[in-house]
Structure formats: structure tokens, C-alpha cells
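Enquirer: The following comprises the amino acid sequence and a computationally predicted model.
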Amino acid sequence: MPVLVITGTNTEVGKTVTTAAVAAAAVAAGRSVAVLKAAQTGVRPDERGDADEVARLAGPVTAAELARYPEPLAPGTAARRAGMAPVHPHDVAEAAAKLATEHDLVLVEGAGGLLVRFDPAGGTLADVAALLGAPVLLVASAGLGTLNIAELSARELRRREVELTGVVIGSWPAEPDLACRCNIADLPEVSGAPLLGALPEGAGSLDPGTFRTAAPGWLAPRLDGTWDVEAFRVRQAPAPGR
């Protein structure tokens, strides 16, 4: 798996922190890692972007960013409003392929969800994955409303014959409600892909040393981690309904 494309069911679902955890686990396993942010929006030129945040948390990784736009919008919209050139799927794929010649693992982080548009032609992160022949990791929210978007994302990937390698819950609450607990079983069912991890709420606020030590415990062995999905499922199982 030299390239892994990481997308989310929506914005603010823990995609960047999950990317950092995957990177940290891979580094701990002795792999060289690069992180490519396809398009960064809502960040000034002098501010740290998502790729920088991944590097801060994960440690010695190569951080790269293809385009940056000032307004917090979809990349295509942000580029148009700023009067700047958009980033195209083939640009992202070429940059990722080059990084893959120099690293064991390249993580390509999108902006928002799978079909957020990069350019006027409607290019998306799904197109990037298809061009690369790379699998996709879907970061999902824990609670109510996540199943519909997860299933739609999975269906779109299947339509394009792109592998959905698994789902990670980007922020597992300290006090999960019934919907969260039921979603542990429902997310794999609706997506047709295994649950490969669950990051604790607030993971991104940990100091980097603690984050790097803990990250493998949040992810399944397929992502270089030690997380046991069955033990998690049993521990979080909801009480039987009436």
C-alpha cells in the first residue's frame, strides 16, 4: 500500500488527526512516510496547514501541500473566489506518485468529503484515487447521521472500482450515546469495509510524544496498529433493546 488516500464523511470529522495517527503508526513500524495535502483552504500563507499539523503530531514525515486558498470553502470555490489557479486531480496524482518513489508510504489527505470539487471540471479526490489505483480510507464521525454519508461514499467508490480499504472513527466520545455504540456494527455493514480504528475524542490536543506512543493503539494491524476491533465492539456494545 505505497499510497493511501484519506477522505472523510464530512468536514470536522477528525481526518487530519487520523492522518497523523496513521503516519505515526507507520513511522513506529519503521516506514518512511510522506503526507500530501491536496488543497488547503481557510489558511493564510503564514499559518500552519494540515500537512504541518500531521508532521507536528506524527514526527519525522515529509509534509507537502499542492495549493493553498485563503477562504474556508471547497477548493474549487476557494480558488475561483481568490482568482487563483485550481488544483487538478492529475496534479495531485503526479505529486503523490513522485513521493511514492522516495517513501514507503504516501498519505494523500483530501479536503472535506470524497466528492468535494477541486476544479471547474468537477475533479475530486475520488478521481485522484482512481488515477493512482490507490485505496481509500474513510474517516467517519461517530454519531447520528454518519451512516448515510458513509454508505454514499462507499457506493461511489465501488462505482469507480476504487478500493475502500476501511473506515476509522475520527473522534470517539468519552461518553458515547446509543447511536455511536450502534454505529460500531452499522458502519462496516453500510460501507462494506472493515472498521480499522477509533481515535479518542481530543486526540489531536495531546502533546506529540504522547500522541506518537498512543497512535498504534487506536488503529488496526492493517494500519500498522494494535487496536482490536472485536474487543472494542464488545466493550462498547449497547444494551439490548426492548
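Expert: Perfect, thanks for sending it.
Enquirer: switch to C-alpha atoms for all contacts and neighbour counts from now on
Expert: Will do.
Enquirer: Which phi and psi values does the closest residue in space to Glu12 that isn't next to it in sequence adopt?
Expert: Spatial nearest neighbour of Glu12, chain neighbours left out: Gly112 (7.9 Å); criterion: CA to CA, 6 or more residues apart in numbering. Gly112 adopts backbone torsions of phi 70, psi -140, taken as degrees, to the nearest 10.
Enquirer: Determine the number of other residues adjacent to Gly112.
Expert: If you count neighbours by other CA atoms under 10 Å, Gly112 ends up with 20.
Enquirer: Likewise for the one 3 residues further on?
Expert: Burial of Leu115, expressed as a neighbour count using other CA under 10 Å, amounts to 18.
Enquirer: Mind pulling up the pLDDT for it?
Expert: pLDDT for Leu115: 96.
Enquirer: pretty sure it is touching Ala129, no?
Expert: No. Using CA atoms under 8 Å, Leu115 makes no contact with Ala129, being 11.6 Å away.
Enquirer: so where do the helices sit in the protein?
Expert: 15-28, 50-58, 75-82, 89-100, 125-132, 146-159, 178-191, 208-214, 229-236 (DSSP state H).
Enquirer: Return the most buried member of those helices.
Expert: helix 15-28 (a mean of 27; mean count of other CA atoms under 10 Å).
Enquirer: Show residues contacting it.
Expert: With contacts defined as CA atoms under 8 Å, 6 or more residues apart in numbering, helix 15-28 is touched by 6-8, 32-33, 35, 50-51, 53-55, 57-61, 105, 107, 109, 139, 168, 170, 199, 203-204, 211-212, 215-216, 218-219, 223-225.
Enquirer: related to what we said a few turns ago, go through the helices of the chain and name the closest to Asp119.
Expert: Ranking the helices of the chain by proximity to Asp119 (CA to CA) places helix 75-82 first, at 4.6 Å.
Enquirer: elements contacting that closest one?
Expert: strand 40-41, strand 68-69 (3 or more CA pairs under 8 Å, 6 or more residues apart in numbering; DSSP states H and E).
Enquirer: Tabulate the ones you listed (CSV), appending mean neighbour count.
Expert: Converted to CSV, the helices and strands packed on helix 75-82 look like this (neighbours: other CA atoms under 10 Å):
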stretch, mean neighbour count
strand 40-41, 23
strand 68-69, 24
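Enquirer: Sweet, I'm off.
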